[in-house]
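**Q** My questions concern the predicted model and sequence given below.
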Amino acid sequence: MESECLLKLSSMTNETPWGLYLSEFIGTALLLLVGLSFVILDFGRGSFIVNAIPDAGLRRLITGFLFGSTGAAIAYSRVGKVSGAHINPVVTLAFHIKGKLSARNAAGYIAAQFAGAVVGSIPLLIWGRAGRSVGYGATTPGSGFTVWQAFLGEVVTTICLVVGLFTFLGHKKLRNYTPLLFPFLYAVMVYLEAPISGTSTNPARSLGPSVVSGIWFGWWVYFLGPLTGMLIGVAIHRFSWLKRFEVEVAKIYHFEHDFYGIFRESSTRQVPSFK
C-alpha cells in the first residue's frame, strides 16, 4: 500500500501541475478585477466616493487597504490553498531565488499571472466613463514626477513588500498572520507613494489595465522597478540579520497543503492530502 502511494506521488510530481497554474490565473484575475474596481470607485470621475471623501490622501489610504485586503482574502481562499497565492511575478521569482520553487513551476506561475491579469482587467470596461477617467487603474508616473523617480518609487515599495513578506513568513509567531500584512502595508505605501508611480509593485497588476486602456507611458518602470526591488529585497533578507527568518514554503498561507507535492524538498515530501 505504501509503495502504491509513493508511486502515485511520483507520477503526480512528474506531471505538469495545471491546477496550480489555474489557481494563480484565477487569483491574479480576481486581484485585478476587485482591486482595480476599488481604484475606479475611489478615484473615477463621477464616483460618489470622490464627493463623499474629498481628501485624496484619505482615499489613497482606503484604496491601499482595500487592495491589500483583496490580496489577503485570495491568500486565505481555496485558490490560495492550492497555489499559495503569489499573484505577482516578482513574488514568484523571489521564492524561486530562495530555492522554494523550481524554474519550471515559476515559469508556469508567471505565465498564469500575466494571463490572469489581462483577463481580470477586461470586465473593468463595465465601469465605462469612470473607468476610462483613470485608465481602468493603469499605472503611470505621476504628474510632476519623472520616469526615474517613478522607477525609484517602485524599487523602494517592492523592497518593502519582499522584506516584509519574507520576514513574516520566516517568523514562526507571525507566519500564520502573513496575509494580514498586505492591507496595512499597501495602505501606507499607496498613501505615501502612489502620487509618484501608482504603487504597483507587481508587473502583472500593471500589464492588465495597460492592455485594456492602451496606456503604455513609462511601462518599463513597472517591470524593471519591481524586479530590481525584488532582487534588492531578497539580498537584504539574505545578507542581514533578517536571514534568521528563513522561509520554508513558497506559499502565503495554507502552508501544509501540498496536493501536487512541489512545495517541499523531495526528501521531506509526503503523500499529498486530497481534502
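**A** Nice, I can see it.

**Q** contacts, neighbours, all on C-alpha from now
**A** OK.

**Q** Specify the local secondary structure of residue 91.
**A** Three-state assignment for residue 91 (DSSP: H, G, I helix; E, B strand; the rest coil): helix.

**Q** Verify the stated contact: it with residue 163.
**A** No. Applying Cα atoms under 8 Å as the test, residue 91 and residue 163 come out as separate, 10.8 Å apart.

**Q** Settle it for me: which of the two has more neighbours?
**A** In this view residue 91 and residue 163 are compared by other Cα atoms under 10 Å, and residue 91 has more residues nearby, 26 against 21.

**Q** Give me the mean pLDDT for the helix ranked longest in the chain.
**A** As assigned by DSSP state H, the longest helix anywhere in the chain is helix 18-43. On average, the pLDDT along helix 18-43 is 97.

**Q** What residues of the next helix or strand after that helix count as buried?
**A** Sequence order places helix 48-52 as the next helix or strand after helix 18-43, per DSSP states H and E. Neighbour-count burial for helix 48-52, counted by 16 or more other Cα atoms under 10 Å, picks out residue 50.

**Q** cool, stretch 143-150 as well?
**A** Buried-residue list, stretch 143-150, by 16+ other Cα under 10 Å: 147, 149, 150.

**Q** Can you lay out these as CSV showing distance to residue 211 and pLDDT?
**A** Listed next are those as CSV, based on distance: Cα to Cα, whole Å; pLDDT from 0 to 100:
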residue, distance to residue 211, pLDDT
147, 20, 97
149, 23, 98
150, 20, 98
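
**Q** Restricted to helices, list those residues.
**A** 147, 149, 150.

**Q** could these go into TSV alongside distance to residue 259?
**A** Shown next, in TSV, are those (distance: Cα to Cα, whole Å):
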residue	distance to residue 259
147	43
149	43
150	40
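
**Q** tell me which of those residues is nearest to residue 60?
**A** residue 150 (16.9 Å; Cα to Cα).

**Q** which residue packs closest to that closest one, ignoring adjacent ones?
**A** residue 197 (4.5 Å; Cα to Cα, 6 or more residues apart in numbering).

**Q** Pretty sure that neighbour sits against residue 155.
**A** No. Using Cα under 8 Å, residue 197 is not in contact with residue 155; the gap is 10.3 Å.

**Q** Just the helices from the stretch 51-200 of the chain, written as ranges.
**A** For the stretch 51-200 of the chain, the helices defined by DSSP state H, counting those that start in this stretch occupy 56-76, 78-83, 89-97, 103-121, 128-133, 147-170, 181-197.

**Q** chain center to the fourth one, what's the gap?
**A** Between the mean C-alpha location of helix 103-121 and the chain-wide mean there is a distance of 11 Å, by Cα atoms, centre = their mean, to the nearest Å.

**Q** do the same with the first one
**A** Helix 56-76 has its C-alpha centroid displaced from the chain centroid by 12 Å (Cα atoms, centre = their mean).

**Q** just the second one next, same as before
**A** Taking Cα atoms, centre = their mean, the mean C-alpha location of helix 78-83 is offset from the chain mean by 14 Å.

**Q** Number the chain from 40, please
**A** Sure thing, new numbering starts at 40, so read that last one as helix 117-122.

**Q** pLDDT (mean, whole number) over it?
**A** Per-residue scores along helix 117-122 average to 96.

**Q** before we move on, what about the last one?
**A** For helix 220-236, the mean per-residue pLDDT is 98.

**Q** Same check on the fourth one?
**A** The average pLDDT within helix 142-160 is 98.

**Q** The third one now?
**A** Rounded to a whole number, the mean pLDDT of helix 128-136 is 98.

**Q** for that helix, packing partners?
**A** Packing partners of helix 128-136 (3 or more Cα pairs under 8 Å, 6 or more residues apart in numbering; DSSP states H and E): helix 142-160, helix 242-252, helix 260-278.

**Q** Check what contacts the first one and list those residues.
**A** Contact with helix 142-160 is made by 59-61, 63-72, 126-128, 131-132, 135, 175, 243-244, 246-248, 250-251, as judged by Cα atoms under 8 Å, 6 or more residues apart in numbering.

**Q** Which pLDDT value goes with residue 301?
**A** At residue 301, pLDDT is 90.

**Q** May I ask which helix or strand encompasses it?
**A** Using DSSP H and E, no helix or strand contains residue 301.
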